[in-house]
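In: This is a predicted model, with the sequence first.
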Amino acid sequence: MKKILIVEDEAFALEDLRDSLIEIAPDMEITGVRTATEALEVLGRDAFDAIFLDIELPGMSGIQLLERLRPPLPPVVLVTAHALLALDAFGLGVVECLLKPVDQQRLRKAVQRIESKFSGAVQPTFVEQVGTFDPEARVFAREGGNTWLVRVAEITQIEEEERNARLFFRGQNGALVQSLEEFALHLDPRVFVRAGPTTILNLALVDHFQHNEHGHVVACYSDGSKFEFDPSSSREFEDSHGL
């Protein structure tokens, strides 16, 4: 990882993050800008290996900036003083969220994670809609006083709940700030399939399938839990997957 873009409106915070990154990797080429508008200009003419992005920016926010970019995006690390502000970011290329003041150890791990999983600078283009989540992207889910940063690949199933979607992951569950339909727009349909009008399942985490007494598909997980497809979704799934 050689070329880094930092988007941070506070001059001191920008220089501090620049110094910290150079301490980790002295050969990094770092470009720093202080607004999302400047970032769009830079991204329009150059390619980067990663973006370190503040959320609270003057004018256009960091979230709005991400919504203007079309995949493939370079890995994005959110840098914020308020973790809950990152809820709206979902997985728009985000691979990590660091809280200010940034801990050097966590920053080092973020850099190592990016280097181990990604290679090659990427220059995004601009669109009005956001594309499909990377499996390693992170989304925020919350329940009560807890907020989880969840890898998309860890999500077992997604349920519709009033105006929000509810994620099930690692034996936990938490609500998103978007509806099931809005969230589903960003999921890979080859991996996340409809098991009913209000349920989406992650095929990658299903251990095996069987049929119930009515002939409908049942997804079985390694922990013993099961989920039955509704009749219509069962037929569609069988037809598309040759079951």
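Out: Arrived safely, thanks for sending. Numbering: from 1, shown residues only.
In: and the chain, what are its domains?
Out: For the chain, automatic domain parsing gives the domain ranges 3-126, 138-241.
In: As JSON lines, these with mean pLDDT would be great.
Out: Shown next, in JSON lines, are the domains of the chain (pLDDT from 0 to 100):
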{"stretch": "domain 3-126", "mean pLDDT": "82"}
{"stretch": "domain 138-241", "mean pLDDT": "88"}
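In: Can you lay out those as CSV showing mean neighbour count?
Out: C-beta coordinates here come from the backbone N, C-alpha and C atoms, glycine included. Output for the domains of the chain, formatted as CSV (neighbours: other CB atoms under 10 Å):
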stretch, mean neighbour count
domain 3-126, 18
domain 138-241, 16
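In: Who is the spatially closest residue to Ala184 that is not a sequence neighbour paired with across the strands?
Out: Spatial nearest neighbour of Ala184, chain neighbours left out: Ile200 (6.1 Å); criterion: CB to CB, 6 or more residues apart in numbering. Note on Ile200: beta-bridge partners by DSSP bridges are Ile158, Arg194.
In: what does His208 give?
Out: Cys220.
In: And it, how close does it get to Cys220?
Out: 5 Å (CB to CB, to the nearest Å).
In: With Glu182 instead?
Out: From Glu182 to Cys220 the distance is 29 Å (CB to CB).
In: Taking the chain centroid, which residue in the protein is the extreme one?
Out: Distance from the C-alpha centroid of the chain, by CA atoms, centre = their mean, peaks at Glu213 (38.2 Å).
In: Using the three-state scheme, assign it.
Out: At Glu213 the chain is in coil, as set by DSSP: H, G, I helix; E, B strand; the rest coil.
In: Just confirm Tyr3 contacts Leu21, I think it does.
Out: Quick fix: residue 3 is Lys, not Tyr. No. Lys3 is not in contact with Leu21 according to CB atoms under 8 Å; the separation is 11.4 Å.
In: Spit out the residues that contact these two alike.
Out: The contact sets of Lys3 and Leu21 overlap at 28, 30 (CB atoms under 8 Å, 6 or more residues apart in numbering).
In: all helices for this protein, in order.
Out: Secondary structure of the chain (DSSP state H): helices at 11-24, 36-45, 62-67, 104-117, 180-184, 231-241.
In: Mind checking those for the one nearest to Gly224?
Out: Closest approach to Gly224 among the helices of the chain (CB to CB): helix 231-241, 20.9 Å.
In: List the contacts of the closest one.
Out: By CB under 8 Å, 6+ apart, helix 231-241 touches 193-197, 214-217, 229, 243.
In: Among these, which pair sits farthest apart?
Out: Most distant of those, by CB to CB, are Pro197 and Leu243, 20.3 Å apart.
In: ok, for Phe183, nearest residue in space, not its chain neighbours?
Out: Of all residues not flanking Phe183 in the chain, Ala165 sits nearest, at 4.7 Å (CB to CB, 6+ apart).
In: ugh, typo on my part, it should be Glu29
Out: Counting by CB to CB, 6+ apart, Glu29 lies nearest to Lys3, which is 4.9 Å off, once chain neighbours are set aside.
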